[in-house]
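Asker: Predicted coordinates and the sequence they were generated for:
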Amino acid sequence: MQRYDPALIEPKWQKVWDEALTFKAIRSADKPKYYVLEMFPYPSGRIHIGHVRNYTMGDVIARYKKQNGFNVLHPMGFDAFGMPAENAAMASGGHPKDWTYSNIDTMVEQMKPLGFGLDWSRMFATCDPEYYGQQQALFLDMLQAGLVYRKNAVVNWDPVDMTVLANEQVENGRGWRSGALVERKELTQWFFKISDFSGELLDALDSLDDWPAKVKLMQANWIGRSRGLQFAFSTIEAPEGFDRIECYTTRPDTLLGASFVGISPDHPLARALEEENAELAAFNADCRRMGTSEEELEKAEKRGFDTGLRVRHPFDTAWELPVYVANFILMDYGTGAIFGCPAHDARDHEFATKYGLPIVATFTPLEGEHDIQAAPFVPMKSEKVRYTRLVAGEEEQTGDAAVEAAVAFCEANGVGHGVTKYRLRDWGLSRQRYWGCPIPVVHCDTCGVVPEAKENLPVLLPYDEGGTPIDFSIPGNPLDRHPTWRDCTCPTCGAAARRETDTMDTFVDSSWYFARFTAPDADTPTVAEDAAYWMNVDQYIGGIEHAILHLLYSRFFARAMNITGHLPEQCREPFNALFTQGMVTHAIYKTEKDGRPVYHYPEEVELRDGGAFLADGRAVEIIPSAKMSKSKNNVVDPVAIIGQYGADTARWFVLSDSPPERDVEWTAAGAEAAHRHLARVWRIAAEVVAADAPASAEDEALLREMHKAIHDVTLGVESFGFNAAIAKLYGFTNTLSKSQAGSGAKRQAARVLAQLMSPMTPHLAEELWQMLGGEGLIANADWPKADPAMLVEDTVTLPIQVNGKRRGELTVPKDMAKEEIEKLVLAHEAVVRTLDGAAPKKLIVVPGRIVNVVA
RNA sequence: GCCCAAGUGGCGGAAUGGUAGACGCAGGGGAUUCAAAAUCCCCCGCCGCAAGGCGUGCCGGUUCGAGUCCGGCCUUGGGUACCA
């Protein structure tokens, strides 16, 4: 008998699929379409086992849908612009373009042996001029539609390298290469008006029924709609033009607990005051040295500076409050000014305690005491409290009610007005970097900022500088210092002009690639017929790390593309269903030498007696389930795995051991077991083919199990329960292996087993299908249907609980009357023993499920 | 700091509010074999001789019944707007 040999069968079937154009997506009106997309990879150099898991999940769905009669689109591409390519060029010479395309070639070569049912003819990389040129066209249309504008914004500036740094390139306030203290620098930059869509992007989340609730919640919090009061404090003897300080607050009901006013170091008033106050200027300068990330700002120690300026309370002009500049107040949220109510806000409480400001409660708990000096009292807004310093409304009311009453009261008394604000800020897309899509505008001395003419697109990235390749060892933006690239003529007046040297944020590239896949070669961004047929993405799959930015930006882009005529109305929400998968992790093997950690490759470690040991017998510490990292030597290379076990084993294992939304730990033993199982299925199929047993009484039992397997596996695949589907397949394999049924029934069962496995292990399945006499390719065969009549059981086993603890069980006909069951239960030995003659307090019979006797 | 998740045997995990531990790994026992590999069969949460008791990160609550729902913590992971 032949052995299961993936090295032989996998290339064979890949060639067959390829030549038959099995997975080529062709528009066809007579079939329903299904668009499956996994978030495309960054071309980092080699594929990662995490990619294998991600694309295997998509492939299972794609193959399953194809077998269910859908016309499937399942494409692949590369998110190819971005910093790592420039970093590589800086670190080891070479050119970002060469590095990127060489990585793409390698990764495609590594992906193909995995046997994914992809339409490779649609592949593109976002750094292809054919792609980014269309992106520039989109940008121009958005500019014309009023969805893009310029304003000033701050960046991390490295004063030594004279370069803009990404947040991740700032380490403890210093540039990662130069070590210089990072400064904030204000630059004029391009922005997308995503904030125009705040309300719509928030409200439309409700329509996304097949998105994970957690992702919708994260997006909702990120957009952050709040209802509050915008009002002003009048100042006392402030500099010219600062008679009022505009404030926004979500807690106007606590205005009578106001203790101070805080303004951002970037607030115009703070800037005006620092002209006359060197100490304040120094404080502000210090604040501005902080990084630009929200995390850093929030984690920094809360510091304030008393400006000496005072304001009047809006309800009582005799009540004066001090004005502080505070480092935790953001200029770009609200008005850049707040009032502090230490009694009911943790941060304000900390601030007031630090600077000796009064802490005055405006409400107390309905029951019990609260020492407001010791800790702030911050109940849920939905909770009722008792107001002791009431602005408006009932004395006892919820925070929500009090806020509404306070807004109404303030409006009636001319103190500000109620407003709805969003936390979501406009999307800054300018990057002062080379390896990105050039922003297609021209700066002309007479005409100002002018869009490039569409016929001049794409604005190509220059490869060299007057014949010599660009030198990436010099920090800064090569486009900016290029001798000739910036020189152009103004599309409006024809005079000499300069190109914009900023490129686009790489999130722009990934915000519409899914639409481009529907017509990847078109000389417009999209083609109406193709977009109308293939869009939306029916199932999108990717990591939870993209829950907010990528997905929100894509939702915005779909709207922008609809407005600019590149997508139909029904594509404003481009992803019908979303699934977020977990990572593949691997144990780290660690020893120590001279107090420093030493990480060992799995090959160097022997696992025995529940521990891990080196060849010289030394024990190794095992850190389980760690994120794979080159520096920890715990990366699993898919190429090696395929070489050792074949693609089907890798695909089977990454799906089998954990639910797809959770992390899965790669273990050599698990992969070994997966491989053993596939070999076993092969053996069983071969035995079934060779056998010649007559029909038997066992046939029906086997076929019943077969229909149950069809039912359970179908449900598993439909609901992303791949691990559960695989557990059922293990069970069904065991049943088939032990069954004494006749050869006819066994052959039928084995064919169904091959079909149920085919989305996960497509090569093995094709081979078994052929062995068992299946017609055509299993990839094209119809998915089996479970016969409902074969799923019905006629008896049911009920567990008997006494006081909620299991004490026995009872097998009864499925439709036995409740009264009959009660009689049997009360006669049950365990129940009689416990009740000891007493009558039960309660008897709960849940038909078909359980019985509980309350003694 | 803030937002969102996750936490169940030695390990990965299963379980519409209804028998906690499916399935797999590791481990133990047996069959087969001259022997081994491969394969096949059985056992396998903890304590206890047993009866039984205890068990889903911790503390409390709702319920006839909680891994599942509610409140409060702890730990780990993701995001935090220039990593992708």
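Answerer: Received the coordinates, thanks.

Asker: Report how many residues lie close to A:Q740.
Answerer: A:Q740 has 12 neighbouring residues, counting by other CB atoms under 10 Å. C-beta: built from backbone N, CA, C; applies to glycine.

Asker: From A:I641, how far off is the residue lying closest to it once chain neighbours are set aside?
Answerer: Nearest non-adjacent residue to A:Q740, counting by CB to CB, 6 or more residues apart in numbering: A:E698, 4.5 Å away. Per CB to CB, to the nearest Å, A:E698 is found 38 Å from A:I641.

Asker: Can you pick out the residue with more neighbours from the two?
Answerer: Ranked by neighbour count (other CB under 10 Å), A:E698 and A:I641 place A:I641 first, with 21 against 16.

Asker: My guess is the more buried one contacts A:A671. True?
Answerer: Yes - judged on CB atoms under 8 Å, A:I641 makes contact with A:A671 at a distance of 6.6 Å.

Asker: okay, and the common contacts of those two?
Answerer: Taking CB atoms under 8 Å, 6 or more residues apart in numbering as the contact rule, A:I641 and A:A671 both touch A:649-650.

Asker: Give me the neighbour count for A:A278.
Answerer: 9.

Asker: near RNA strand B, which residues of the stretch 401-550 of chain A?
Answerer: With CB under 7 Å from any atom of the strand as the criterion, the stretch 401-550 of chain A meets RNA strand B at residues A:423-425, A:427-428, A:430-433, A:505-507, A:510, A:544-550.

Asker: tell me what the host helix or strand of A:V215 is packed against?
Answerer: According to DSSP states H and E, A:V215 maps onto helix A:213-223. Packing contacts for helix A:213-223, counted by 3 or more CB pairs under 8 Å, 6 or more residues apart in numbering; DSSP states H and E, involve helix A:198-203, helix A:549-563.

Asker: who touches the helix or strand just after that helix?
Answerer: Going down the chain from helix A:213-223, the next helix or strand is strand A:225-236, by DSSP H and E. Identification of contacts with strand A:225-236 by CB under 8 Å, 6+ apart yields A:198-199, A:202, A:242-252, A:261, A:309-314, A:320-321, A:323, A:335, A:339, A:403-404, A:406-407, A:410, A:415-423.

Asker: same thing with stretch A:799-806?
Answerer: Contacts of stretch A:799-806 (CB under 8 Å, 6+ apart): A:807-810, A:825, A:828, A:830-831, A:834, A:850-855.

Asker: And stretch A:14-25, by the same measure?
Answerer: Contacts of stretch A:14-25 (CB under 8 Å, 6+ apart): A:62, A:66, A:71-75, A:112-113, A:115, A:117-119, A:121-122, A:534, A:763, A:766, A:777, A:779-780.

Asker: what do you get if the cut-off is 6 Å, keeping everything else the same?
Answerer: Residues from elsewhere that reach stretch A:14-25 (CB atoms under 6 Å, 6 or more residues apart in numbering): A:73, A:115, A:117, A:119, A:779.

Asker: Okay, and which of those map to strands?
Answerer: A:L73 (DSSP state E).

Asker: Which ones, among the contacts of stretch A:14-25, also lie beside RNA strand B?
Answerer: Counting by CB under 7 Å from any atom of the strand, no member of the contacts of stretch A:14-25 reaches RNA strand B.

Asker: Kindly reformat the contacts of stretch A:14-25 as JSON lines containing distance to A:Y131, neighbour count and pLDDT.
Answerer: Shown next, in JSON lines, are the contacts of stretch A:14-25 (distance: CB to CB, whole Å; neighbours: other CB atoms under 10 Å; pLDDT from 0 to 100):
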{"residue": "A:L73", "distance to A:Y131": "18", "neighbour count": "27", "pLDDT": "98"}
{"residue": "A:G115", "distance to A:Y131": "27", "neighbour count": "24", "pLDDT": "96"}
{"residue": "A:G117", "distance to A:Y131": "23", "neighbour count": "19", "pLDDT": "97"}
{"residue": "A:D119", "distance to A:Y131": "17", "neighbour count": "20", "pLDDT": "98"}
{"residue": "A:A779", "distance to A:Y131": "30", "neighbour count": "21", "pLDDT": "97"}
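
Asker: List the residues that contact A:G94.
Answerer: Applying CB under 6 Å, 6+ apart, one finds that A:G94 lies in contact with no residue.

Asker: Look at it and give its secondary structure.
Answerer: At A:G94 the chain is in coil, as set by DSSP: H, G, I helix; E, B strand; the rest coil.

Asker: how close does A:Q136 sit to A:V148?
Answerer: A:Q136 is 12 Å from A:V148, by CB to CB.

Asker: If you count surrounding residues, which of the two has more?
Answerer: A:Q136 (25 against 22).

Asker: Okay, now the unreliable bits of chain A?
Answerer: Applying pLDDT under 70 to chain A flags the ranges A:1, A:608-611, A:625, A:631.

Asker: redo that, cut-off 50
Answerer: Chain A contains no residues with pLDDT under 50.

Asker: got the CA positions of the longest helix seen in it in CSV?
Answerer: The longest helix of chain A (DSSP state H) is helix A:668-690. Extracted in CSV, the C-alpha atoms of helix A:668-690 (Å, rounded to 0.1, in the frame of the first residue of the first chain):
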residue,chain,number,x,y,z
ALA,A,668,6.1,20.4,17.4
ALA,A,669,4.1,17.6,19.1
GLY,A,670,0.8,19.1,17.9
ALA,A,671,2.1,19.4,14.3
GLU,A,672,3.3,15.8,14.6
ALA,A,673,-0.1,14.7,15.7
ALA,A,674,-1.9,16.6,12.9
HIS,A,675,0.4,14.8,10.4
ARG,A,676,-0.3,11.4,12.0
HIS,A,677,-4.0,12.0,11.7
LEU,A,678,-3.8,12.9,8.0
ALA,A,679,-1.8,9.8,7.4
ARG,A,680,-4.4,7.8,9.3
VAL,A,681,-7.2,9.2,7.2
TRP,A,682,-5.2,8.2,4.1
ARG,A,683,-4.8,4.7,5.4
ILE,A,684,-8.4,4.3,6.3
ALA,A,685,-9.5,5.5,2.8
ALA,A,686,-7.0,3.1,1.2
GLU,A,687,-8.5,0.2,3.3
VAL,A,688,-12.0,1.3,2.3
VAL,A,689,-11.1,1.3,-1.3
ALA,A,690,-9.5,-2.2,-1.1
